[in-house]
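Asker: sequence and predicted structure, then a few things I'm wondering about:
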Amino acid sequence: MLYRRIFQFFIIYFLFIGGLMLLKYSLGLSDYVIPAPSGMFHILTAEYHRYSLATLNTMTVAVIGQILSVIMAFIIGILGRQSTWFGSFIKVAAFNIQAYPIVALAPILFILLGDGFLTRLLIAAMICYFPVLLSVLGIMSKPVDDIEHFYRVTGRMRWQLEVKIRTFENLTQLTTVIAGSATLAMAGTIVGEFIAANAGIGYSIRIALYQSDMGKILIALFLIGITIAIYQAFLELLGAAVKRAWTGK
């Protein structure tokens, strides 16, 4: 699974680079606009260490933010699973809050909290929280009638058992949603760093943009993509391991 993810990323990335090279040479663009492959390799060797550390910095913030968002999504999803006034209120609040784009809220966070770690963490958590929450709400609100009916008839149904049944029956879907939210968490962190931060790969991209250095931006995109591919593969393997441990298969 890991090798497949990395191989797929390399295909996508080099197709993208190939498209840029086709554009460069067909229009006769200078190396200042789009660097030649040799120039990109030179930038990679020169900036690899610094950009790798910046990417790991961003990834650390994204992972912590994702963990917080998943925990909050499960708490709110479990509380809002019932067809009660409170459950309905939680769902409506989730839908309404999601309507506000993170780029509109990010400046408020930077004004209130500054441009440090906490602001990047909150942006990462917020941008991947709502998709996960909506999936968890949908899963937790949908009864597994064939199984739950037995426990209700026998009087053994408890909310903990109800949550466990619905989680188990939708474990594959939850794993896919959580793995997908990793991309959103990384994107949220990079957006926060790009808007106003003093560290991370998003900050490095912003500096490269001010310098009009396309090569550095392309190298940053490469490191972001390969890091996300590895992390998503890890999450999928972890989900498969949890399912095997749960089912004993």
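Answerer: Happy to help now that I have it. Numbers count the residues shown, from 1 in each chain.

Asker: so residue 127: helix, strand or coil?
Answerer: Per DSSP: H, G, I helix; E, B strand; the rest coil, the local secondary structure of residue 127 is helix.

Asker: and for residue 30?
Answerer: Residue 30 is classified as coil under three-state DSSP.

Asker: just give the number of residues close to it.
Answerer: The tally of other residues near residue 30 (other C-beta atoms under 10 Å) stands at 9. No exception for glycine: its C-beta is placed from N, CA and C like everyone else's.

Asker: gap between the helix or strand harbouring residue 134 and the chain center?
Answerer: Assessed by DSSP states H and E, residue 134 sits inside helix 117-141. Its chain's C-alpha centre and that of helix 117-141 lie 9 Å apart, by C-alpha atoms, centre = their mean, to the nearest Å.

Asker: what of stretch 165-173?
Answerer: Distance of stretch 165-173 from the chain centroid (C-alpha atoms, centre = their mean) equals 21 Å.

Asker: cool, and stretch 15-30?
Answerer: Using C-alpha atoms, centre = their mean, the offset of stretch 15-30 from its chain centre is 30 Å.

Asker: now do stretch 14-28
Answerer: 29 Å.

Asker: one more: stretch 201-218?
Answerer: Worked out by C-alpha atoms, centre = their mean, stretch 201-218 lies 21 Å from the chain centre.

Asker: stretch 211-228 too?
Answerer: Distance, centroid of stretch 211-228 to centroid of chain: 18 Å (C-alpha atoms, centre = their mean).

Asker: tell me the buried residues in it?
Answerer: 213-220, 222-228 (16 or more other C-beta atoms under 10 Å).

Asker: ok, now stretch 170-187?
Answerer: 170-171, 174-175, 177-179, 181-187.

Asker: wait, residue 202 sits on residue 191?
Answerer: Yes: using C-beta atoms under 8 Å, residue 202 makes contact with residue 191 at a distance of 6.8 Å.

Asker: what about the helices in this protein?
Answerer: 2-27, 37-79, 85-98, 102-113, 117-141, 145-153, 159-169, 171-196, 201-210, 214-247 (DSSP state H).

Asker: would you list the ones you listed in TSV and tack on mean pLDDT?
Answerer: Shown next, in TSV, are the helices of the chain (pLDDT from 0 to 100):
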stretch	mean pLDDT
helix 2-27	86
helix 37-79	85
helix 85-98	66
helix 102-113	70
helix 117-141	79
helix 145-153	72
helix 159-169	77
helix 171-196	79
helix 201-210	86
helix 214-247	82
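
Asker: where's the residue lying farthest from the centre of the chain relative to residue 161, distance?
Answerer: Distance from the C-alpha centroid of the chain peaks at residue 154, with 41.6 Å (C-alpha atoms, centre = their mean). Distance of residue 154 to residue 161, given as C-beta to C-beta, to the nearest Å: 11 Å.

Asker: and for residue 13?
Answerer: Residue 13 is 46 Å from residue 161, by C-beta to C-beta.

Asker: more crowded one of these two?
Answerer: residue 13 (16 against 13).

Asker: ok, that one touching residue 223?
Answerer: No: contact criterion C-beta under 8 Å: residue 13 and residue 223 do not qualify, at 10.6 Å.

Asker: quick check: closest non-adjacent residue to residue 136.
Answerer: Among residues not flanking residue 136 along the chain, residue 77 sits closest, at 3.2 Å (C-beta to C-beta, 6 or more residues apart in numbering).
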